[in-house]
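Trainee: Coordinates for the following, if possible.
(one chain, ligands or ions: 2)
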Amino acid sequence: MNQANWTAVDDYFCQLLVPEDEALRAAVRDSDAASLPAHQVAPNQGKLLQLLAQICGARRILEIGTLGGYSTIWMARALPADGQLVSLEFNPQYAEVARRNIDRAGLSDKVDIRIGRAGDLLPLLASEGGAPFDLIFIDADKPNNPLYLDWALKLARPGTLIIGDNVVRNGAVVDPASDDANVQGVRRFSELMAANPRLSATALQTVGSKGWDGFSLARVMA
Ligand code: DHB
Ligand code: MG
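Mentor: Ligands and ions are numbered 1, 2, ... in the order given. As a prediction, this is how the structure comes out:
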């Protein structure tokens, strides 16, 4: 079994269950045209994020790593009329592409994109004293995943879901001696989740149009 099979199966389910509308298609098109890395989630993954947000009744969502705003659109569509999604992006050019994609999707009232280092923006967000986030999606630079988990816990409440993208990395996650800082980031992130008594967590491998990767899902218990 190989990439062609995985893509064919993703295509089958995506066409059947997860048709993209024009705003989502245009978001991918414009992200590609602006040469953003094609790291956005697949449509069926975006739909999973949307379903998880609906299942937990999310009113406030935090995304770390906006990229072109593709997953942002999926998740923001799960919000009630007065819901809010805060998305953090380091690269101002990516944020500009995302802003246009989100405007075109009619979601600019619900989405607050903040530009800067998440390591700087997260303490600012915490100091604003807003309501806790109901769902937090960590999908930025992987070496900082341990830091992002720390802040996610500060910005959460019991019941909050914390989702981490790209925790498998073509299987490299199992190599303790990896010299890839991304691999070490997701390993440390997983170890911190395991050791934290406030969290109940799992992680799943995925194959599909995005290759072999996976995500972690944790619920804040206390
Ligand atoms: C990478 C990052 C992502 O968020 C993703 O979805 C896929 C790959 C990366 O840094 O390689
Ligand atoms: Mg990702």
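Trainee: give me the residue from the chain nearest ligand 1.
Mentor: At 3.6 Å from ligand 1, residue 39 is the closest residue in the chain, using CB to the nearest ligand atom. Just so you know, the C-beta spots here come from the backbone N, C-alpha and C atoms, and that holds for glycine as well.
Trainee: Might one say that that residue is in contact with residue 67?
Mentor: Yes. Counting by CB atoms under 8 Å, residue 39 does reach residue 67; the two are 6.1 Å apart.
Trainee: okay, the two: which has more neighbours?
Mentor: residue 67 (26 against 15; other CB atoms under 10 Å).
Trainee: residues touching that one, list them.
Mentor: With contact taken as CB atoms under 8 Å, 6 or more residues apart in numbering, residue 67 is in contact with 31, 36-37, 39-40, 89, 94, 98, 139.
Trainee: Repeat the analysis, applying 10 Å as the threshold.
Mentor: Residue 67 is in contact with 27, 31, 36-41, 87, 89, 91, 94-95, 97-98, 101, 139-140, counting by CB atoms under 10 Å, 6 or more residues apart in numbering.
Trainee: ok, now residue 49?
Mentor: Residues near residue 49 by CB under 10 Å, 6+ apart: 41, 61, 63, 71-72, 74-75, 77-78, 135, 137, 139, 161, 163, 165, 215.
Trainee: quick one: the residue of the chain closest to ligand 1 from residue 5, how far?
Mentor: 22 Å (CB to CB, to the nearest Å).
Trainee: circling back: so which of the contacts of residue 67 are in strands?
Mentor: With DSSP state E as the criterion, strands contain 87, 89 from among the contacts of residue 67.
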